[in-house]
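Asker: What follows is a predicted structure for the sequence shown.
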Number of protein chains: 2
Amino acid sequence: MTETADPTAVNGAQALIRTLVACGVDTCFTNPGTSEMHFVAALDAVPEMRGVLGLFEGVVTGAADGYARMAGRPAATLLHLGPGLGNGLANLHNARKGHVPVVNIVGDHATYHKQYDAQLESDIETVARNVSAWIRRSDATAEVGRDAAETVAAAVGPPGGVATLILPADVSWSAGGAVAEPAGPARAAVPAETDVVDAVAKALRSGEPVGLLLGGTALREPGLVAASRLANATGARLVAETFPTRLERGAGLPPIDRLAYLAEFASAQLDGLRHLVVVDAKAPVSFFAYPGKDSYLVPDGCDVHLLAAPGGDATGALEALAELVGAPEDAATRQPADRPDVPSGALTAESVARALGALLPEGAIVSDEGNTSSLFAPGLTAGAPRHDWLTLTGGAIGQGMPLATGAAVARPDRKVINLEADGSALYTVQSLWTQAREGLDVVTIVFNNRSYAVLNMELNRVGAEAAGPKAKELLDLSRPDIDFVAISQGLGVPASRVTTADELADRLARALAEPGPTLIEALVPPLM
Amino acid sequence: MTETADPTAVNGAQALIRTLVACGVDTCFTNPGTSEMHFVAALDAVPEMRGVLGLFEGVVTGAADGYARMAGRPAATLLHLGPGLGNGLANLHNARKGHVPVVNIVGDHATYHKQYDAQLESDIETVARNVSAWIRRSDATAEVGRDAAETVAAAVGPPGGVATLILPADVSWSAGGAVAEPAGPARAAVPAETDVVDAVAKALRSGEPVGLLLGGTALREPGLVAASRLANATGARLVAETFPTRLERGAGLPPIDRLAYLAEFASAQLDGLRHLVVVDAKAPVSFFAYPGKDSYLVPDGCDVHLLAAPGGDATGALEALAELVGAPEDAATRQPADRPDVPSGALTAESVARALGALLPEGAIVSDEGNTSSLFAPGLTAGAPRHDWLTLTGGAIGQGMPLATGAAVARPDRKVINLEADGSALYTVQSLWTQAREGLDVVTIVFNNRSYAVLNMELNRVGAEAAGPKAKELLDLSRPDIDFVAISQGLGVPASRVTTADELADRLARALAEPGPTLIEALVPPLM
């Protein structure tokens, strides 16, 4: 295949890939199949596009999510028909809930082949609808470039979202593709409505208790600074959503606590508020329903003001409010540098968090799917050097390892630390192989407490009758014990097991000093 | 929780589980979450129901498929909301394509909680539609028993299929459940239409070349015997569908070749036919489309007669035809016992197949996801003692290990042998842990050729331009090499690596002689 200046001489796959590159999408996470082979073949004709193989589609989609959170622009996926999309669905769900842009390309049978109901035939659209803000089936090779440009625009938003492009094999392989320009300039964030801003300003001046619930884009430095100025000037309470897409934090940044996962604690954080200002977030509800308990966590008599919805100009609205209430420019609180000592003694979820706080390098990216074992990590890293904290935005476990993988692809200049629960790790553990192949700087700490600890807690919280042995069996990850060191080594990532805090700190320090992926299996008791 | 005779005193979960048991469903494969905790808690109140934990939903759904293929009745799944269903979708797709009954239970948020769009909220129905023959959302505790009974009936068919029951958490936890009776007697298979039987009989007597394409239920002994009588009496050609749900074969059973995966070879098998009689199968089409090649593989001028669709009485129709053409009762061919010698020397896909043929025990169940590496296995086991052969019915890889797991749960009296390709193994390798926990008699042979070999072949076959290094990289499973022995041991299953045919035969013989799971990693060169 020779390069050519005539865009009509490229096939659909090449037109697609060149258009993606033109639109700023130059990384494609994939596990392709036969119907995607022309896309794969076309990668060699477009040197700007990087292809990254995942051994399972859940790795692919979670990596695309992590990439976009840290690159600030989407990656593409390339998935194999309906089943490939199904395998990747859970992490697309997480991306959807986090408003993360993903250019989600799903290969399909050739247009004329679909009528035959071959083995891999299924209704792709119906699955895609579960996670996609936008779906396009590309019907003709001449249009696939334009379709790709529109897919990127739909993914970018704002708000960001999963935009799915279904790509029939013959549309990909046929000649007559045309490279398209980006589909116009990026959409601007929607400014806050004046009457909402005025109502919030009035509430802030009223002396009544006001809370600011920040999420999404409000959790980057400019939004946090404006919110902190506001809080300091008015006495408003600041709180971040429970599971942020990306929270900028650490020494020098305004500190913010997250709303608790447990509704009881979240209610305490919101108790007594007369106004709740929601900024690129949603009014708080409990993660699950519990018999006899409220799902909606806004206190009775508290007015909710939606200052910015996802896609809104949250930071602009916060800055405008800070001016309105006369908050000085330098009035934001800045977290002082403050690290715990390197821990010693028993290895627990808390001592792991302490070691992390003691050793976290400047600019680290934390992919946090430690679940119950992560409880202490935010507090003990609050004064560590500036870093990013990425969380499980949609609650679909199996995100942490893929997310870390994608974040490391996006930011090879930074260390990625993946706090990972044992049960969640086993959903998408294949991620380790991609980390090894790509030489990614990811340090994974698996909290091995040999149980679905969160479910042991939830089994009680939902008010189920006293759990018998059969129920407990289904929440237990022993018998046999899982050896994460062996699994990691089997997938090409060096690993070691630690049983004391001293060992953990030592291994973590060494892992952070060396390039490439490492896994540390931390044998910890369950928290609950 | 005490047992009670008053059915209204049970909660929804108990009513559901008791109804499943009453309908013959006594095994539930699951990876539950908080919204399923009352179902989990209720398991201890119903001793007849067995709960089997999978570490990932793809294991759960594939195991339910394998269980049903060998038990002849469905298992239940229990999945956690939309993402859990997504994770299990690929193997439900395979079950759908194989007409395998699965009682697919998907937990959901409490009915009143859905309005709050909590993190795990998504449109479950839209995903379920991709794979389900039938979907029911249970809205009220009083009805969940009846809903469960209807779900089982819908799953059983015939034809068998995936019947999805969406179970809101509060429907599960509330009091007032009522155990339901089975929803009427099982539906009868649909008899063949008389005019089709007559037309087929006429074709068989015509002297024109006739082929019988058998699938589904026609591939059990009674159907095979009737078809073999027919073939011997009339000269008709017999062929089985490419990927049977369950093929009964071996010494003493009528032998039958499967239609080739490669369209070129399949066309040769069908070449010259004037009539193709389709029996619980579909008219043959190529697996994928290829540029410039036909998708529909029935020769020009060949009439297709649909003797039995899925759900039809395929065996009855074949037996009726055998009578109509006067085929003697004892005219079926019976495969003579004939085993290859135990192999020696180089380890290849062929020598693995030879060892299998030499050592396959009576009553073995073969879960075949060896893909390219399985090419020689059917031929070299044709004269082995009677056994069952289960294949990748829907083409969605990651089925072999879960299928073996479920088959072993269904038939603890039989040895299960899983032929597994390296790339496919890595989709659902977590299955090994369930095999270890449940002490299942599964011997897994992983063909480690360090590539997606089928895609290397397909890349050429689809007519893609000469593959460059980036394309080849995405089909390669080395760098780093994957160590299946380490992964298997990490998941609790003893494993060893073999590099010669002698070693393989030795390890296989030992594995077959011992109870419990074993994995053998066979380092083989790619076939293509």
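Answerer: Everything's here; your move.

Asker: I'd like the domain boundaries of chain A, if you could list them.
Answerer: As assigned by automatic domain parsing, chain A contains the domains A:7-177, A:194-324, A:349-523.

Asker: most neighbours per residue, which of those?
Answerer: domain A:7-177 (a mean of 25; mean count of other C-beta atoms under 10 Å in any protein chain shown). In short, each C-beta sits where N, CA and C put it, glycine included.

Asker: hang on, residue A:135 is in a helix, isn't it?
Answerer: No - going by DSSP: H, G, I helix; E, B strand; the rest coil, the assignment for residue A:135 is strand, not a helix.

Asker: any idea how far the residue nearest to residue A:111 when sequence neighbours are not counted is from residue A:34?
Answerer: Using C-beta to C-beta, 6 or more residues apart in numbering or on different chains and skipping residues adjacent in sequence, the residue nearest residue A:111 is residue A:168, 4.8 Å away. Distance, residue A:168 to residue A:34, using C-beta to C-beta, to the nearest Å: 13 Å.

Asker: for residue A:511, same thing?
Answerer: 39 Å.

Asker: Helices of the stretch 351-500 of chain A, start to end?
Answerer: A:377-380, A:400-410, A:422-425, A:431-438, A:453-461, A:469-473, A:484-490 (DSSP state H, counting those that start in this stretch).

Asker: Name the single longest helix found in chain A.
Answerer: What stands out as the longest helix in chain A, according to DSSP state H, is helix A:81-97.

Asker: Which secondary structure elements does it sit against?
Answerer: helix A:57-71, strand A:76-80, strand A:102-108, helix A:124-128, strand A:162-168, helix B:81-97 (3 or more C-beta pairs under 8 Å, 6 or more residues apart in numbering or on different chains; DSSP states H and E).

Asker: could you say what helices and strands the helix or strand following the fifth one packs with?
Answerer: Proceeding N to C from strand A:162-168, the next assigned helix or strand is helix A:169-173, under DSSP states H and E. Contact here means 3+ C-beta pairs under 8 Å, 6+ apart; on that basis helix A:169-173 packs against helix A:12-22, helix A:37-42, strand A:102-108.

Asker: The helix or strand following helix A:169-173 and chain B, are they touching?
Answerer: The first helix or strand that comes after helix A:169-173 along the chain, using DSSP H and E, is strand A:175-177. No - judged by C-beta under 8 Å from any C-beta of the partner chain, strand A:175-177 and chain B are separated, with a smallest distance of 10.6 Å.

Asker: Now do strand A:175-177: distance to the chain's middle.
Answerer: 36 Å (C-alpha atoms, centre = their mean, to the nearest Å).

Asker: ok, residues contacting it?
Answerer: A:7-16, A:141-142, A:144-145 (C-beta atoms under 8 Å, 6 or more residues apart in numbering or on different chains).

Asker: Comparing the helices of the stretch 351-500 of chain A by mean pLDDT, which bottoms out?
Answerer: When these are compared by mean pLDDT, helix A:453-461 comes last with a mean of 85.

Asker: how big is the angle separating the helix or strand where residue A:267 lies from helix A:453-461?
Answerer: Applying DSSP H and E as the criterion places residue A:267 in helix A:263-270. Interaxial angle, helix A:263-270 versus helix A:453-461 (axes from the mean of the first three to the mean of the last three C-alpha atoms, to 10 degrees): 90 degrees.

Asker: Relative to the whole chain's centre, how far out is helix A:263-270?
Answerer: 24 Å.

Asker: Just say helix, strand or coil for residue A:211.
Answerer: Quick answer, by three-state DSSP: residue A:211 is strand.

Asker: Quick check: it vs residue A:239, distance?
Answerer: 6 Å.

Asker: intersection of neighbour lists for the two?
Answerer: Joint contacts of residue A:211 and residue A:239 (C-beta under 8 Å, 6+ apart) are residue A:270.

Asker: Strands along the stretch 151-300 of chain A, start to end?
Answerer: Under the criterion DSSP state E, counting those that start in this stretch, the stretch 151-300 of chain A contains strands at A:162-168, A:175-177, A:210-214, A:237-240, A:247-249, A:275-279.

Asker: elements contacting the fifth one?
Answerer: This points to strand A:247-249. Under the contact rule (3+ C-beta pairs under 8 Å, 6+ apart), strand A:247-249 is packed against strand A:387-391.

Asker: The strand it packs on and chain B, any residue contact?
Answerer: No - Strand A:387-391 lies out of reach of chain B by C-beta under 8 Å from any C-beta, never closer than 10.5 Å.

Asker: Run the angle between that strand and helix A:57-71 for me.
Answerer: Going by the same axes, to 10 degrees, strand A:387-391 makes 140 degrees with helix A:57-71.

Asker: Give me the residues contacting strand A:387-391.
Answerer: A:66, A:69-70, A:243-250, A:360, A:362-369, A:378, A:381, A:403, A:407.

Asker: For it, output the C-alpha coordinates as CSV.
Answerer: C-alpha atoms of strand A:387-391 as CSV (Å, rounded to 0.1, in the frame of the first residue of the first chain):
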residue,chain,number,x,y,z
HIS,A,387,-1.4,14.0,42.3
ASP,A,388,-4.5,12.8,40.5
TRP,A,389,-7.1,10.4,42.0
LEU,A,390,-9.2,8.3,39.6
THR,A,391,-12.2,6.3,41.0
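
Asker: Parallel or antiparallel, which strands does it pair with?
Answerer: strand A:247-249 (antiparallel), strand A:365-369 (parallel) (DSSP bridges).

Asker: still on that earlier bit, out of the helices and strands packed on helix A:81-97, which comes closest to residue A:516?
Answerer: For the helices and strands packed on helix A:81-97, the distance to residue A:516 is smallest for helix A:57-71, at 17.0 Å, taking C-beta to C-beta.

Asker: And that closest one, what does it pack against?
Answerer: Short answer (3+ C-beta pairs under 8 Å, 6+ apart): helix A:57-71 packs on strand A:27-30, strand A:76-80, helix A:81-97, strand A:102-108, strand A:387-391, helix A:400-410, helix A:431-438.

Asker: Return the list of strands paired to the fourth one, each annotated with direction.
Answerer: In this case it means strand A:102-108. strand A:76-80 (parallel), strand A:162-168 (parallel).

Asker: picking up where we left off before, out of the strands of the stretch 151-300 of chain A, which is closest to residue A:189?
Answerer: strand A:275-279 (12.3 Å).

Asker: partners of the closest one, with directions?
Answerer: strand A:210-214 (parallel), strand A:303-308 (parallel).

Asker: ok, back up a step: need the domains of chain A in CSV with distance to residue B:524, can you?
Answerer: Formatted as CSV, these follow (distance: least, C-beta to C-beta, whole Å):
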stretch, distance to residue B:524
domain A:7-177, 19
domain A:194-324, 44
domain A:349-523, 18
